[in-house]
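# Need coordinates for the below:
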Amino acid sequence: MTRAVDAITTCLADGRKLLVCGNGGSAADAAHFATEFVVRFIRDRPAYPAICLTRDGGLMSAAGNDYGFDEVFARQVAAFGQPGDVLICLSTSGSSRNVQRALEEAKQRGVVTIALLGRDGSVTKGMAEIELLVRGENTARIQEAHMLLLHVICEAVEARL
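Sure thing, here's the model as predicted:
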């Protein structure tokens, strides 16, 4: 957690941005997390740049149609990711190929990577520089734990900035 908070704090303090992604319920959690930075979490403060990569249905459907669903996040990381930015990926299964591709693309671009994973992390485990693993088999409990972790990160980053 400390490493994740440090990375996000450094990113935003340096004028860089957050990119956040996930599928299904994790996509909703990614949007929620990004909103906490753009709007506010606990107190009024300056807006911080955070982009949820699931927010644009046209972009997602075009990338999925033209390049395949595995590339919907990687394509956006290629477009928006710059060295010093942070990519935060959520996957309750750890087996989402589009999340894995986003992590691969981010590494090529010098983007710091954080993954919130569930179960045993599956094939995504070890791909991100910073990983927060919630062990368990129940997707709902994993998502709830991810949201708790995301809120703790928001609170800690907001306090530092």
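# Okay, helices next: where are they in this structure?
Taking DSSP state H as the criterion, the chain carries its helices at 2-13, 25-38, 57-67, 72-80, 97-108, 139-160.
# So for G118, which of those sits nearest?
helix 139-160 (3.6 Å; Cβ to Cβ). For glycine as for every other residue, the C-beta is placed from the backbone atoms N, C-alpha and C.
# relative to helix 25-38, how tilted is that closest one?
10 degrees (axes from the mean of the first three to the mean of the last three Cα atoms, to 10 degrees).
# could you say what helices and strands helix 139-160 packs with?
Contact analysis of helix 139-160 by 3 or more Cβ pairs under 8 Å, 6 or more residues apart in numbering; DSSP states H and E lists helix 2-13, helix 25-38, strand 112-118, strand 130-134 as its packing neighbours.
# List the contacts of that helix.
With Cβ atoms under 8 Å, 6 or more residues apart in numbering as the contact definition, helix 139-160 has outside contacts at 1, 4-5, 8-9, 12, 25-26, 29, 32-33, 36-37, 40-43, 45, 90, 92-93, 116, 118-119, 132, 134, 136.
# Show me how far it is from its chain's centre.
Distance of helix 139-160 from the chain centroid (Cα atoms, centre = their mean, to the nearest Å) equals 12 Å.
# Compute the inter-axis angle for that helix and strand 130-134.
140 degrees.
# Please spell out which residues along helix 139-160 are buried.
The neighbour-count check on helix 139-160 (16 or more other Cβ atoms under 10 Å) flags 142-143, 145-147, 149-150, 153-154, 156-158 as buried.
# Check the gap between the residue sitting nearest the centre point of the chain and I8 for me.
In the chain, the residue lying closest to the centroid (Cα atoms, centre = their mean) is I88, at 2.1 Å. I88 is 8 Å from I8, where distance means Cβ to Cβ, to the nearest Å.
# any idea which of the buried residues of helix 139-160 is closest to V99?
H146 (13.0 Å).
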